[in-house]
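K.L.:
structure, please.
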Amino acid sequence: MLYDFLKRTLDILGSLVGIVLLSPLLLASALAIKLNSSGPMLADTPMRVGKEGKLFKMHKFRSMVVDALEILQKDPELLKQYKKNSFKIENDPRVTRVGKFIRKFSIDELPQLWNILKGDMSIVGPRAYYPFELAEQQKKYPNSKEFVKIILSAKPGLTGVWQVSGRSQINFDKRVEMDAQYVQRRSILYDIYLILRTVPAVLLGRGAV
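P.N.:
Numbers count the residues shown, from 1 in each chain. Purely as a prediction, here's the structure:
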């Protein structure tokens with residue numbers, strides 16, 4: 001299919017150019033993370049669900065303290081807020097000072113350029129969901145099941161419709177509907193349009209948590 005060939009070509013070229021041009025920012029961010037808190041530069045995140053339900057390891061800069069998952073599991077109120085707000089926490093106490101900055105401007109997401117180059121992800125696509133997130137949220141929003149099926153027919157993206165339309169301010173049910181609409185509508189021109197819209201959304205830090 002021509003679209004798939006062009007999209008993969010765009011992903012390879014885009015990720016390579018991005019890694020080269022953003023290498024000073026990547027190095028500076030990695031150094032800032034190491035100086036701000038103890039632990040690795042990259043986050044030890046749970047596996048994500050990719051195309052056709054295949055699990056993969058998403059690369060992200062660490063924006064939280066090392067024992068973030070343990071803190072969450074031991075704090076009932078924090079865990080309740082996490083699940084209630086579509087797996088996001090406003091003013092999350094586990095986020096480091098550097099983490100707040102790199103999350104606001106999506107710098108923590110830049111290591112995903114390696115995922116794109118490897119073929120796990122695309123520059124533009126649906127959100128890369130956690131397996132437990134899909135399981136729990138589909139129970140909460142039964143009507144979302146059909147949208148999820150559509151979403152899993154495509155590679156998740158570094159950016160996409162929901163990322164340029166409010167990001168963390170959008171709940172799961174609306175988010176998967178938007179992602180499914182993207183998969184059904186997708187084209188190279190639409191991808192380029194969404195990439196262009198991503199720039200001001202990231203620079204302004206809209207909807208970031």
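
K.L.:
all contacts plus neighbour counts: C-alpha atoms, from now on.
P.N.:
Noted.

K.L.:
what does the helix or strand bottoming out on mean pLDDT in the chain contact?
P.N.:
Counting by mean pLDDT, DSSP states H and E, the chain has its least confident helix or strand at helix 76-84, which shows a mean of 76. For helix 76-84, contacts defined as Cα atoms under 8 Å, 6 or more residues apart in numbering pick out Leu72, Gln73, Phe87, Lys88, Ile89.

K.L.:
the strands in this protein, which residues?
P.N.:
48-49, 55-56, 122-124, 157-159 (DSSP state E).

K.L.:
just checking, what packs against the lengthiest helix in the chain?
P.N.:
Counting residues, the longest helix found in the chain (DSSP state H) is helix 2-21. With contacts defined as 3 or more Cα pairs under 8 Å, 6 or more residues apart in numbering; DSSP states H and E, helix 2-21 has these neighbours: helix 112-118, strand 122-124, helix 188-203.

K.L.:
could those go into CSV alongside distance to Asp67 and mean neighbour count?
P.N.:
What follows is the helices and strands packed on helix 2-21, written out as CSV (distance: least, Cα to Cα, whole Å; neighbours: other Cα atoms under 10 Å):
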stretch, distance to Asp67, mean neighbour count
helix 112-118, 22, 21
strand 122-124, 30, 27
helix 188-203, 28, 15
